[in-house]
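Novice: when you get a sec, could you give me coordinates for this:
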Amino acid sequence: MLALTDEGRTAHRRISERVGTLRLRLMECLSPEEHTVLMELLRRLATHLDALAV
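Specialist: Numbers count the residues shown, from 1 in each chain. A predicted model of the protein is given here:
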């Protein structure tokens, strides 16, 4: 079993906060509908990429 150290948890928390802030700023230019479409397209691409890796 793997577990983060205290230092790892601190780094994870700091990075997660930055990613969350960046995500919100990036999504400001999209409508809710566009965001939904984007997430679906990314999901489909990820699924396709997984299939190519086999």
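
Novice: and S31, its phi and psi?
Specialist: With angles defined as degrees, to the nearest 10, S31 shows backbone torsions of phi -80, psi 160.

Novice: what about L4, which SS state?
Specialist: Under DSSP: H, G, I helix; E, B strand; the rest coil, the three-state class of L4 is coil.

Novice: neighbours of H35, how many?
Specialist: Other residues within reach of H35 by the criterion other C-beta atoms under 10 Å amount to 13. Glycine gets a C-beta too; all of them are placed from N, C-alpha and C.

Novice: same deal with T47?
Specialist: Taking other C-beta under 10 Å as the criterion, the count of residues near T47 is 10.

Novice: could you check the pLDDT of it?
Specialist: The model reports T47 with a pLDDT of 95.

Novice: and C29, by the same measure?
Specialist: 95.

Novice: report the secondary structure state of it.
Specialist: C29 - assigned by three-state DSSP - is coil.

Novice: and it, how close does it get to H48?
Specialist: For C29, the distance to H48 under the criterion C-beta to C-beta, to the nearest Å works out to 25 Å.

Novice: and the helices in this structure?
Specialist: Along the chain, the segments classed as helices by DSSP state H run 6-27, 32-52.

Novice: okay, buried residues for the longest one please.
Specialist: Read it as helix 6-27. When burial is assessed from 16 or more other C-beta atoms under 10 Å, helix 6-27 yields no buried residues.

Novice: now it - C-alpha only, PDB.
Specialist: Once non-C-alpha atoms are left out, helix 6-27 reads as follows in PDB (Å, rounded to 0.1, in the frame of the first residue of the first chain):
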ATOM      1  CA  ASP A   6       3.100  14.800   5.300                       C
ATOM      2  CA  GLU A   7       5.200  16.700   2.700                       C
ATOM      3  CA  GLY A   8       3.400  14.900  -0.100                       C
ATOM      4  CA  ARG A   9       0.000  15.800   1.300                       C
ATOM      5  CA  THR A  10       1.000  19.400   1.600                       C
ATOM      6  CA  ALA A  11       2.200  19.500  -2.000                       C
ATOM      7  CA  HIS A  12      -0.900  17.700  -3.200                       C
ATOM      8  CA  ARG A  13      -3.100  20.200  -1.400                       C
ATOM      9  CA  ARG A  14      -1.200  23.200  -2.800                       C
ATOM     10  CA  ILE A  15      -1.200  21.800  -6.400                       C
ATOM     11  CA  SER A  16      -5.000  20.900  -6.100                       C
ATOM     12  CA  GLU A  17      -5.800  24.500  -5.100                       C
ATOM     13  CA  ARG A  18      -3.800  25.900  -8.100                       C
ATOM     14  CA  VAL A  19      -5.400  23.500 -10.500                       C
ATOM     15  CA  GLY A  20      -8.900  24.400  -9.200                       C
ATOM     16  CA  THR A  21      -8.200  28.100  -9.600                       C
ATOM     17  CA  LEU A  22      -6.800  27.600 -13.100                       C
ATOM     18  CA  ARG A  23      -9.800  25.400 -14.100                       C
ATOM     19  CA  LEU A  24     -12.300  28.100 -13.000                       C
ATOM     20  CA  ARG A  25     -10.400  30.800 -14.900                       C
ATOM     21  CA  LEU A  26     -10.200  28.700 -18.000                       C
ATOM     22  CA  MET A  27     -13.900  27.900 -17.900                       C
END
